[in-house]
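**Student:** sequence first, then the predicted structure, then my questions.
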Amino acid sequence: MNAFRIAVLALAGLGFLGFGLWFLVDPIGPLADIGITATGAPAATEFRAFYGGLEVGLGLLMLVAAAKPDWRMAGLWLVIATNGGIAAGRLVGVAVDGVWVPFFTYALVWEVGFAVLAAIGLKAAGPRE
């Protein structure tokens, strides 16, 4: 089960890290690809900070948790909180705004999938874990 937990943390961490680095390099482009438009330096800086910096930080923390046995359970909770929170927010947005784009399908599969995988890793924890 430890290999499973490590894999969940490492893959989720790499996902956040990769997405964050993408936004640090190109803060406007990724969202434009799904129909979200923003212009100007303030928008680029905000996207770099939130989508870039925050996601890089979360990804690195998940990777550290994968490497440190004492951090793994907390790391799995982090995976649930981040991916579950993003999925919940996305679903609220879809319900309130009445919009659906194909990207939401892929994003929700990732978000809900990792939240479920992390929950499985936590559920299988023994009494000493």
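**Tutor:** That came in fine, so what should we check first? Note that the coordinates shown come from a computational prediction; the quantities given were computed from them, not determined experimentally.
**Student:** which is the succeeding secondary structure element to the lowest-mean-pLDDT helix or strand in the chain?
**Tutor:** Every helix and strand in the chain was compared by mean pLDDT, DSSP states H and E; the lowest is helix 29-32, with a mean of 89. Proceeding N to C from helix 29-32, the next assigned helix or strand is helix 41-47, under DSSP states H and E.
**Student:** quick one: buried residues of that following helix?
**Tutor:** By 16 or more other C-beta atoms under 10 Å, the buried positions in helix 41-47 come out as 44, 47. (C-beta placed from N, C-alpha, C; glycine too.)
**Student:** average pLDDT for it?
**Tutor:** For helix 41-47, mean pLDDT rounds to 94.
**Student:** which residues does Leu17 contact?
**Tutor:** By C-beta atoms under 8 Å, 6 or more residues apart in numbering, the contact set of Leu17 is 55-56, 59-60, 63.
**Student:** what about Leu14, neighbour count?
**Tutor:** Leu14: 14 surrounding residues under other C-beta atoms under 10 Å.
**Student:** contacts only, for the nearest residue to it once chain neighbours are set aside.
**Tutor:** In this structure, Leu14 finds its nearest non-sequential neighbour in Gly59, 6.7 Å apart by C-beta to C-beta, 6 or more residues apart in numbering. Taking C-beta under 8 Å, 6+ apart as the criterion, Gly59 is in contact with 12-20.
**Student:** Arg48 reaches Leu24, doesn't it?
**Tutor:** Yes - look at Arg48 against Leu24 with C-beta atoms under 8 Å: they come within range, at 5.5 Å.
**Student:** the host helix or strand of Ala88 packs against which elements?
**Tutor:** Using DSSP H and E, Ala88 sits within helix 72-97. Helix 72-97 is packed against helix 2-25, helix 55-67, helix 102-123, with contacts defined by 3 or more C-beta pairs under 8 Å, 6 or more residues apart in numbering; DSSP states H and E.
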